[in-house]
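Asker: Structure for the following, please:
(3 chains)
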Amino acid sequence: MDKKDSVTIVAFSGDLDKLLAAFIIATGAAASGKQVNMFFTFWGLKLLQQTKSKPKGLNLIQKMFTFMVKPGTEKRSISKMNMLGMGTMMLKKLMKRSKVPSLAEMIAISKALGVKFTACTTSMGVMGISKDSLIPEVDNIAGVASFLADAEKSSVTLFI
Amino acid sequence: MDKKDSVTIVAFSGDLDKLLAAFIIATGAAASGKQVNMFFTFWGLKLLQQTKSKPKGLNLIQKMFTFMVKPGTEKRSISKMNMLGMGTMMLKKLMKRSKVPSLAEMIAISKALGVKFTACTTSMGVMGISKDSLIPEVDNIAGVASFLADAEKSSVTLFI
Amino acid sequence: MDKKDSVTIVAFSGDLDKLLAAFIIATGAAASGKQVNMFFTFWGLKLLQQTKSKPKGLNLIQKMFTFMVKPGTEKRSISKMNMLGMGTMMLKKLMKRSKVPSLAEMIAISKALGVKFTACTTSMGVMGISKDSLIPEVDNIAGVASFLADAEKSSVTLFI
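Answerer: Residues are numbered from 1 along each chain as shown, chains lettered A, B, ... in the order given. So this is what the prediction gives:
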């Protein structure tokens, strides 16, 4: 594949607004025929975690961390002006009125367009996120070497 | 234009410190003869909004959003240690002492050096920012496809 | 050096989680034989400042700024869920259990692998950080032109 035709994004943030930006770029690029790779790490990984998973074998701190940062598409809040959730609720309403897809819809569109989702093994280990607690849309579980291999073949690399 | 000669920046953040970093990179690159493209989206768009604009036809939530996040160069605050504005005031004073241009000056310098400003249509729609409420320095109003076309021709791509 | 073989990272953030991501990418790339350049600016510069330095000749605001943002590897806190330091302490414990190196270890590993550390002159001037208050691991003190020269030769450029 030509270098011109790839985009690689690190989805580090778990914030609604930043994830939205990542997906708008990812789906836009994929829709125009580019290979798009999204590498989900740290807070961004929480997006890919199933909401009903009951993780086992976590140590106390992992349990607390899991409790503090809720998994899934619905629990993402905005990076600024959240105001106990009011800002997030407002943004979700504005998105709907402008027909901007929700995060759950963005995931579905991304998969339909062939965007590759990689979950970062290092973050999974630190946070106690097991493979079977991830949503099935995840294509790949890998470390930084996988990100770098994708990134060096890409004309656009972004850390979001 | 040679790929070596372009830099494309997504200015997503509306924070003074991050916008400053974006403009230092943009003006530095433009001063050395590179084509520089800045794509303003989400919070970053507020920088390009006229301070005296009285937006019409906004729905209630857009009005609240507009009220919460003030437009223009003077209302940007720092991403950390803002402390009710004291941190921002301190940074502005330190910038002045070090002869670092203000955001308003950065915009003027960028335009003099030929930096291209694009305002993101999707964000404008969501937030209720109309074309005529933007400052005249905006060259282009476009979506993610325009960003991707610039980015794939650039040797440096950054999300700030 | 081949363009494929370089990675250039702006380390703007002073947050533990973001610095960790920057170093995991940097050391991963360097371990696989790539030239890696890290350009430390703004909050990120605080990582490279010696903890025992007693800066002289600062103006009042620089003194306040220095007091507010502590220097060194141990004083970095996480970007979200810090909760007066508890979140940071939890992440540090989780890192240790997963055998993820600390920031101090990351710096040592980076240097052993030949990662180049540049401290941003503009930020140093603004914040009142003198050359002799930086840790000896800093290779280079330079401005945005130096970053751009590294970045345009790199296949991967990230702003973290």
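
Asker: residue boundaries of the strands in chain A?
Answerer: Remark: strands of chain A, listed N- to C-terminal, are A:6-11, A:35-40, A:116-120, A:140-142, A:156-159; assignment by DSSP state E.

Asker: Tell me which of these approaches residue A:86 most closely.
Answerer: Of all the strands of chain A, strand A:6-11 sits nearest to residue A:86, with 25.0 Å by CB to CB. (Glycine included, C-beta is placed from N, CA and C.)

Asker: helices or strands up against the lowest-mean-pLDDT helix or strand in chain A?
Answerer: Within chain A, confidence by mean pLDDT, DSSP states H and E is lowest for helix A:60-68 among all helices and strands, at a mean of 85. Secondary-structure packing of helix A:60-68 (3 or more CB pairs under 8 Å, 6 or more residues apart in numbering or on different chains; DSSP states H and E): helix A:121-127, helix C:86-97.

Asker: So what touches the last one?
Answerer: Applying CB atoms under 8 Å, 6 or more residues apart in numbering or on different chains, the external contacts of helix C:86-97 come out as A:59, A:61-62, A:64-65, A:68, A:126-128, C:16-17, C:20, C:76-78, C:80-82, C:101-102.

Asker: for stretch A:66-84, same thing?
Answerer: Under the contact criterion CB under 8 Å, 6+ apart, stretch A:66-84 has outside partners A:13-19, A:43, A:46-47, A:49-51, A:53, A:55, A:58, A:85, A:87-88, A:91, A:102-104, A:107, A:127-128, A:133, B:14, B:43, B:68-69, C:80-81, C:87.

Asker: Next, count neighbours for the closest residue to chain B within chain A.
Answerer: Using CB to the nearest CB, the closest approach of chain A to chain B is made by residue A:28 at 3.6 Å. Here the count is done by other CB atoms under 10 Å in any protein chain shown, and residue A:28 has 20 residues near it.

Asker: Quick one, grab the pLDDT at it.
Answerer: You'll see residue A:28 listed with a pLDDT of 98.

Asker: for chain B, what are the nearby residues on chain A?
Answerer: Taking CB under 8 Å from any CB of the partner chain as the measure of proximity, chain A contacts chain B at A:4, A:7, A:17-18, A:21, A:24-25, A:28-29, A:32, A:34, A:80-81, A:87, A:90-91, A:93-95, A:97-98, A:100, A:155-160.

Asker: Can you say which of those are buried?
Answerer: With burial judged by 16 or more other CB atoms under 10 Å in any protein chain shown, the buried subset of these is A:7, A:17-18, A:21, A:24-25, A:28-29, A:32, A:34, A:80-81, A:87, A:90-91, A:93-95, A:100, A:155-160.

Asker: Reformat the strands of chain A as a markdown table; add mean pLDDT.
Answerer: Converted to a markdown table, those look like this (pLDDT from 0 to 100):
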| stretch | mean pLDDT |
| --- | --- |
| strand A:6-11 | 98 |
| strand A:35-40 | 98 |
| strand A:116-120 | 98 |
| strand A:140-142 | 98 |
| strand A:156-159 | 98 |
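
Asker: Residue C:117 is nearest to which of the ones you listed?
Answerer: Counting by CB to CB, residue C:117 lies closest to strand A:156-159 out of the strands of chain A; the figure is 18.4 Å.

Asker: got the CA positions of the closest one in CSV?
Answerer: Extracted C-alpha coordinates of strand A:156-159, given in CSV (Å, rounded to 0.1, in the frame of the first residue of the first chain):
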residue,chain,number,x,y,z
VAL,A,156,-0.7,11.2,8.7
THR,A,157,0.1,10.3,12.3
LEU,A,158,-1.8,11.9,15.2
PHE,A,159,-1.8,11.6,19.0
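
Asker: Strand partners (parallel or antiparallel) of it?
Answerer: In its sheet, strand A:156-159 lies beside strand A:6-11 (parallel), with partners assigned from DSSP bridges.

Asker: Can you pull out the residues in contact with the partner strand?
Answerer: Here strand A:6-11 makes contact (CB under 8 Å, 6+ apart) with A:19, A:22, A:25-26, A:29, A:34-41, A:44, A:47, A:147, A:150-151, A:153-160, B:148, B:151, C:21, C:25, C:158.

Asker: same deal with stretch A:46-53?
Answerer: With CB under 8 Å, 6+ apart as the contact definition, stretch A:46-53 has outside contacts at A:11, A:14, A:19, A:40, A:69-76, A:103, A:107, A:117, A:119, A:129-130, A:132-135, A:137-138.

Asker: Tell me how far it lies from the chain's centre.
Answerer: The chain centre lies 11 Å from the centre of stretch A:46-53; the measure is CA atoms, centre = their mean, to the nearest Å.

Asker: By residue count, what's the longest helix in chain A?
Answerer: Determined from DSSP state H, the single longest helix within chain A is helix A:16-31.

Asker: tell me what that helix is packed against?
Answerer: The criterion is 3+ CB pairs under 8 Å, 6+ apart, and the helices and strands that helix A:16-31 contacts are strand A:6-11, strand A:35-40, helix A:86-97, helix A:103-112, strand A:156-159, helix B:144-151.

Asker: so which residue of chain A comes closest to chain C?
Answerer: Sorted by distance to chain C under CB to the nearest CB, the residues of chain A start with residue A:144, at 3.6 Å.

Asker: Residue A:60: neighbour count?
Answerer: Neighbouring residues of residue A:60 were enumerated by other CB under 10 Å; the total is 9.

Asker: Apologies, that question was intended for residue A:114.
Answerer: As a burial measure, residue A:114 scores 12 neighbours (other CB under 10 Å).

Asker: Could you verify my assumption that it touches residue A:31?
Answerer: No - using CB atoms under 8 Å as the test, residue A:114 is too far from residue A:31 to be in contact (10.1 Å).

Asker: Report pLDDT for residue A:2.
Answerer: Reading off the confidence values, residue A:2 has pLDDT 53.

Asker: circling back to that earlier point, from the contacts of stretch A:66-84, which would you call buried?
Answerer: Judged by neighbour count, with 16+ other CB under 10 Å as the criterion, the buried members of the contacts of stretch A:66-84 are A:13-19, A:43, A:46-47, A:49, A:53, A:55, A:87-88, A:91, A:102-103, A:107, A:127-128, A:133, B:14, B:43, B:69, C:80-81, C:87.

Asker: contacting residues around residue A:160?
Answerer: The neighbours of residue A:160, taking CB under 8 Å, 6+ apart as the test, are A:9, A:10, A:11, A:12, A:13, A:18, A:19, A:21, A:22, B:12, B:159.

Asker: excluding its backbone neighbours, what's nearest it?
Answerer: Leaving aside its sequence neighbours, residue A:160 sits nearest to residue A:22 (CB to CB, 6 or more residues apart in numbering or on different chains; 4.6 Å).

Asker: re earlier: sort out which of the contacts of stretch A:46-53 are buried, if you could.
Answerer: Buried by 16+ other CB under 10 Å: A:11, A:14, A:19, A:40, A:69, A:71-73, A:75-76, A:103, A:107, A:117, A:119, A:129, A:133-135, A:138, out of these.

Asker: mind showing which ranges of chain A have poor pLDDT?
Answerer: Along chain A, segments meeting pLDDT under 70 span A:1-4.

Asker: Show me the beta-bridge partners of the nearest residue to residue A:141 once chain neighbours are set aside.
Answerer: With CB to CB, 6+ apart as the criterion, residue A:141 has its nearest non-adjacent residue at 5.0 Å, and that residue is residue A:119. The residues listed as beta-bridge partners of residue A:119 by DSSP bridges are residue A:40, residue A:141.
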